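Enquirer: Sequence first, then the predicted structure, then my questions.
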Amino acid sequence: MMRGLKIFVHCFVLSASVYSQQYYSSTPLTVLILDNNAPFSSKDASGNWVGFIPDYVKAVAAQAGLTYNLAVQADGVYGMPQADGSWNGLIGALASKKADIVAADLVITPQRLTVVEFPTPYIAVGLRILLPASATSATGLNYVVLKDGSDQEFLQTSPDPKVQAILANIQATNGWLTSYQDGVNRVLAGGVAMVGNEVQLRPYIDANPGKLKFADGEALAQSYYALAVQIGSPLRDQLSIAVSKVNEDGTTSALLRANKIGYIQRT
């Protein structure tokens, strides 16, 4: 059973104006994804794409009547604003028109909405605190969070005093992570609590039975995964309609279950 999983169905009134803005092209679209990002997207021993994202893009594209080629984001990151005002990662590539669509476990955030657009989300997830199983709470522990991602952005923009206290602790102790695996290793070693996305953290809990758990209580925040397109692209509405249909007919749920995404622990 997929506890806590929310699949989105967005209803549209289909009109001539929607159809008139559909994307038509004689060449396939470029869909940018991440490698080594299981269970969302990675390559098997034969070099074939596997995971939720390749299958999900195939289903959505078929529904929308689109052809495409998959391409890999070279720097392997989701994207954060840089000192010169540009963006790196998937978001930067999309904003600079190097791709037509980004497909990943990409969180919709206020900052990202300034440079790209998102169709209907495909799943809602929460930002949670990961603890050693022996800990009763995060009291007395130092916090860590993945650097240059949506988790960090949430901490930096939330007005919640509890969240600001977590951010201050991270800044004081240099609790920035290079990967989720790095954070999990530090939590397992003891003395550390990790702020992270529950969907991404759940496989680590399953892989370490009796060693890891989520902190009691509600999530720090609710976030949403979605595809992304360039600002002003007619693909946004076209993809939203297609996403709504594959959400509604059960395709999205089936693909998430097949890849064991969305099994959320409630403690």
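Expert: Nice, I can see it. Residues are numbered from 1 along each chain as shown.
Enquirer: Can you give me the domain assignment for the protein?
Expert: Domain assignment for the chain, taken from automatic domain parsing, gives 16-122+226-258, 125-222.
Enquirer: could I get these as TSV with mean pLDDT?
Expert: Below are the domains of the chain laid out as TSV (pLDDT from 0 to 100):
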stretch	mean pLDDT
domain 16-122+226-258	91
domain 125-222	94
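Enquirer: would you turn these into TSV with mean neighbour count?
Expert: Backbone N, C-alpha and C define where each C-beta goes, glycine included. Putting those into TSV (neighbours: other C-beta atoms under 10 Å) gives the following:
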stretch	mean neighbour count
domain 16-122+226-258	18
domain 125-222	17
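Enquirer: Surely residue 30 forms part of a strand?
Expert: Yes: according to DSSP: H, G, I helix; E, B strand; the rest coil, the state of residue 30 is that of a strand.
Enquirer: which stretches of the stretch 51-200 of the chain form strands?
Expert: 68-72, 101-102, 116-117, 123-132, 142-146, 176-177, 192-197 (DSSP state E, counting those that start in this stretch).
Enquirer: Could you work out which of those strands reaches nearest to residue 218?
Expert: When these are compared by C-beta to C-beta, strand 123-132 sits nearest residue 218, at 7.8 Å.
Enquirer: Run through the neighbouring helices and strands of that closest one.
Expert: helix 180-189, strand 192-197, helix 198-207, strand 212-214, strand 221-225 (3 or more C-beta pairs under 8 Å, 6 or more residues apart in numbering; DSSP states H and E).
Enquirer: May I see the ones you listed organised as JSON lines, with distance to residue 154 added?
Expert: Output for the helices and strands packed on strand 123-132, formatted as JSON lines (distance: least, C-beta to C-beta, whole Å):
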{"stretch": "helix 180-189", "distance to residue 154": "15"}
{"stretch": "strand 192-197", "distance to residue 154": "8"}
{"stretch": "helix 198-207", "distance to residue 154": "13"}
{"stretch": "strand 212-214", "distance to residue 154": "16"}
{"stretch": "strand 221-225", "distance to residue 154": "5"}
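Enquirer: right, and the ones you listed - which one's nearest residue 37?
Expert: Evaluated over the helices and strands packed on strand 123-132, closeness to residue 37 peaks at helix 198-207, with 9.7 Å, by C-beta to C-beta.
Enquirer: Could you tell me how far residue 243 is located from residue 101?
Expert: 12 Å (C-beta to C-beta, to the nearest Å).
Enquirer: Common neighbours of those two, please.
Expert: Common neighbours of residue 243 and residue 101 (criterion: C-beta atoms under 8 Å, 6 or more residues apart in numbering): residue 227.
Enquirer: Make a markdown table out of the strands of the stretch 51-200 of the chain and add distance to residue 32.
Expert: Formatted as a markdown table, the strands of the stretch 51-200 of the chain follow (distance: least, C-beta to C-beta, whole Å):
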| stretch | distance to residue 32 |
| --- | --- |
| strand 68-72 | 5 |
| strand 101-102 | 5 |
| strand 116-117 | 11 |
| strand 123-132 | 19 |
| strand 142-146 | 20 |
| strand 176-177 | 24 |
| strand 192-197 | 20 |
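Enquirer: so which of the ones you listed comes closest to residue 167?
Expert: Nearest of the strands of the stretch 51-200 of the chain (C-beta to C-beta): strand 142-146, 8.2 Å.
Enquirer: Just want the angle from the closest one to helix 198-207.
Expert: 120 degrees (axes from the mean of the first three to the mean of the last three C-alpha atoms, to 10 degrees).
Enquirer: Mind listing the strands strand 142-146 pairs with, and their directions?
Expert: strand 176-177 (parallel), strand 192-197 (parallel) (DSSP bridges).
Enquirer: can those go into TSV with extra columns for distance to residue 237?
Expert: Formatted as TSV, the strands paired with strand 142-146 follow (distance: least, C-beta to C-beta, whole Å):
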stretch	distance to residue 237
strand 176-177	37
strand 192-197	27
